[in-house]
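Student: sequence and predicted structure are below.
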Amino acid sequence: MEQLISQLASQFGIDEALAHKAVGMVLSLLQNQGDSGAVSELFEKLPGAGDLAAEYAGGGGGGGLGGMLGGLMGGGAGEAMKLVGSLQSDGLSMDQIKGIGTGLLDHAKQEGGEDLVRRAVEGIPGVSDYI
């Protein structure tokens with residue numbers, strides 16, 4: 001995971017600690033909102049993913065507009081909006097957040113296959129659009 005995090009940090013011109021947080025929060029969202037069996041299988045193919053997801057369990061806050069919308073929307077969409085709000089309050093743009101999420105999902109597809117990733121994200125509003 002650390003190599004992917006370094007690559008994403010470089011690609012999006014952000015600090016590695018912030019890329020680490022963003023990837024961890026996305027993994028935590030997958031773990032909490034995705035299909036549990038498929039996510040477990042996927043995490044086995046992504047060394048360090050489970051630990052990184054656990055590090056950011058709870059989302060790390062939910063400030064800003066994304067956090068407010070997330071609270072109103074509830075469920076998977078609400079959690080995704082909280083994630084966006086938290087990362088925006090840390091200084092990431094929406095394009096950077098989408099790029100990091102897409103980069104992570106692309107890496108997951110390479111390691112676990114598109115079908116497994118698709119099953120893992122089923123039921124998380126908006127995430128399947130990036131598969």
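Tutor: Thanks, I have it.

Student: does Ala80 sit in a helix or strand, and which one?
Tutor: For Ala80, the host element (DSSP states H and E) is helix 75-89.

Student: no no, Phe43
Tutor: Residue-wise, Phe43 maps onto helix 36-45 under DSSP H and E.

Student: identify the residues contacting the next helix or strand after that helix?
Tutor: Using DSSP H and E, the next helix or strand after helix 36-45 towards the C-terminus is helix 49-55. Under the criterion CB atoms under 8 Å, 6 or more residues apart in numbering, residues 1, 20, 23-24, 27-28, 30-31, 42-43 lie in contact with helix 49-55. To be clear about C-beta, it is placed using only N, CA and C from the backbone, and glycine gets the same treatment.

Student: between those residues, which is closest to Asp129?
Tutor: Nearest to Asp129 out of those is Leu30 (CB to CB; 14.5 Å).

Student: find me the pLDDT at the closest residue to the closest one other than its chain neighbours, would you?
Tutor: Spatial nearest neighbour of Leu30, chain neighbours left out: Val39 (5.5 Å); criterion: CB to CB, 6 or more residues apart in numbering. According to the prediction, Val39 has pLDDT 97.

Student: many thanks, we can stop here.
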